[in-house]
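>>> When you get a sec, could you give me coordinates for this:
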Amino acid sequence: MNRRSTQGAMSPRPGEPVVLRRFTQDDSVEGLTRLLHRAYSDHVAAGRVFFASYQSVQDTANRLRKGECWIALIGTELVGTVTLAAPYEAPERYPAPAGAGSFWQLAVAPSQRGTGLGQRLLALAEARVTALGSAQVAIDTSAEATELLGWYRRRGYVPVGTWRWDVTNYESVVLLKDLAAA
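The predicted model follows:
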């Protein structure tokens, strides 16, 4: 994948709109990986090592192949992303119902925090999971990320179990939302 629009080399102009679109083969996996590292750096500073905070470019490419990746751009600057799948192929014994969708790598550039972009990416992920045929969405995040857990709970996500990934240093809370009821 080449380095067309997701380099982030230029700063957006004030008032320029955020555009949400699918990631394409012309976009930069390297630029996406850099965004993920920046977006998750606060978690690392708090001692929570999310996989997205250190994954390699190859890891990013592998994760992209598992679902639809959407990106948020202001001009040519990559400022957000989310990847989703429905149904989600969860690991055996993962505490989520069969047929549920999921999303991962929901990330917002530090410069865009507090602008509502995270909510827009979340709404997009939920709409796409529904469009792909899943009535529920299951996600997980660090049990220690209380602010993030609260953010999801305020948006209708309910804890349904725990999970331990071998690429993180924490126990995850698995959250579920019934999209049909939302």
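>>> contacts and neighbour counts: CA atoms only from here.
Noted.
>>> Is it correct that residue 16 is in contact with residue 73?
No: using C-alpha atoms under 8 Å, residue 16 is not in contact with residue 73; the gap is 9.7 Å.
>>> Counting neighbours, go ahead and name the busier of the two.
residue 73 (21 against 10; other C-alpha atoms under 10 Å).
>>> give me every residue that touches that one.
6, 18, 19, 20, 79, 80 (C-alpha atoms under 8 Å, 6 or more residues apart in numbering).
>>> In a markdown table: those residues, plus secondary structure.
Output for these, formatted as a markdown table (DSSP: H, G, I helix; E, B strand; the rest coil):
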| residue | secondary structure |
| --- | --- |
| 6 | coil |
| 18 | strand |
| 19 | strand |
| 20 | strand |
| 79 | strand |
| 80 | strand |
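>>> And those residues, which of them are buried?
For the contacts of residue 73, a burial check counting by 16 or more other C-alpha atoms under 10 Å picks out 6, 18, 20, 79, 80.
>>> closest to residue 123 among those?
Distances from residue 123 to the buried ones among the contacts of residue 73, taken as C-alpha to C-alpha, are shortest for residue 20 (11.5 Å).
>>> any idea how far the closest one is from residue 43?
Counting by C-alpha to C-alpha, to the nearest Å, the gap from residue 20 to residue 43 is 25 Å.
>>> what do you get for residue 121?
19 Å.
>>> was I right about residue 110 contacting residue 36?
No: applying C-alpha under 8 Å, one finds residue 110 not in contact with residue 36, separated by 10.3 Å.
>>> Between those two, which has more neighbouring residues?
Each of residue 110 and residue 36 has its neighbours counted (other C-alpha under 10 Å); residue 36 has more, 26 against 15.
>>> does the more buried one count as helix, strand or coil?
helix.
>>> if I pick it, what's in contact with it?
52, 53, 105, 107.
>>> one more time with 6 Å, if that's ok
For residue 36, the contact set (C-alpha atoms under 6 Å, 6 or more residues apart in numbering) comprises residue 52.
>>> again, but for residue 137
If you count contacts by C-alpha under 6 Å, 6+ apart, residue 137 has them with 100, 101, 102, 176, 177.
>>> Repeat that for residue 135.
179, 180.
>>> Kindly state the pLDDT recorded for it?
You'll see residue 135 listed with a pLDDT of 97.
>>> distance of it from residue 128?
Taken as C-alpha to C-alpha, the span from residue 135 to residue 128 is 11 Å.
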